[in-house]
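Asks: here's a sequence, model it:
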Amino acid sequence: VGINIIIGYFITGIIWGSTNAFMERGSKDQDAKDVAEKDDKNELKEGVKMFTKLTFLVPFLVNQGASVFNNFLVAMSDLSIAVPIVNCVTFMATFVTARILD
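Replies: Sure, this is the predicted structure:
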């Protein structure tokens, strides 16, 4: 496994971790009216509504781009190395980004 692959794992983990925090923030209902009406809506409507909010959609698309990048990395290297590195970096990046956003 080359250094370029390892750097790719770190980049993927950082992108996943940071976008996780932004997606969490973007998925929250900011409007009190939406919270009050939440009991009346079904889950499909809630899911569709999330994809109409740019604060959720943009981080989601970036996250999915990192997923495609990760698949290329895994195809070029060993899965037993990729998964622990990416998951660890993702966890740390999510924690740091969430703290910065709060």
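Asks: and Val96, what element?
Replies: Using DSSP states H and E, Val96 maps to helix 79-101.
Asks: give me the average confidence score over that helix.
Replies: Mean pLDDT, helix 79-101: 94.
Asks: how near is the closest residue to Ala82 other than its chain neighbours to Gly65?
Replies: Distances taken as Cβ to Cβ, 6 or more residues apart in numbering place Val74 nearest to Ala82, at 5.0 Å, with adjacent residues excluded. (C-beta placed from N, C-alpha, C; glycine too.) As judged by Cβ to Cβ, to the nearest Å, Val74 and Gly65 stand 15 Å apart.
Asks: who has more neighbours out of the two?
Replies: Taking other Cβ atoms under 10 Å, Val74 and Gly65 do not tie; Val74 has more neighbours (18 against 13).
Asks: tell me the SS of that one?
Replies: helix (DSSP: H, G, I helix; E, B strand; the rest coil).
Asks: show the pLDDT at it.
Replies: Note on Val74: pLDDT of 90.
Asks: mind checking how far the residue nearest to the spatial centre of the chain is from Ala66?
Replies: Residue closest to the average C-alpha location in the chain (Cα atoms, centre = their mean): Asn20, at 3.3 Å. Distance, Asn20 to Ala66, using Cβ to Cβ: 11 Å.
Asks: repeat for Leu79
Replies: As judged by Cβ to Cβ, Leu79 and Ala66 stand 17 Å apart.
Asks: what about the two, which has more around it?
Replies: Counted by other Cβ under 10 Å, Leu79 and Ala66 do not tie: Ala66 has more neighbours, with 21 against 9.
Asks: in stretch 77-92, which residues are buried?
Replies: Using 16 or more other Cβ atoms under 10 Å as the test for burial, stretch 77-92 gives Ser77, Ala82, Ile85, Val86, Val89, Thr90.
Asks: per-residue pLDDT, the spatially closest residue to Asn87 that is not a sequence neighbour?
Replies: Once flanking residues are discounted, Asn87 sits nearest to Gly13: 7.5 Å by Cβ to Cβ, 6+ apart. pLDDT for Gly13: 96.
Asks: from Arg99, how far off is Gly13?
Replies: Plainly put, Gly13 is 17 Å away from Arg99 if you go by Cβ to Cβ.
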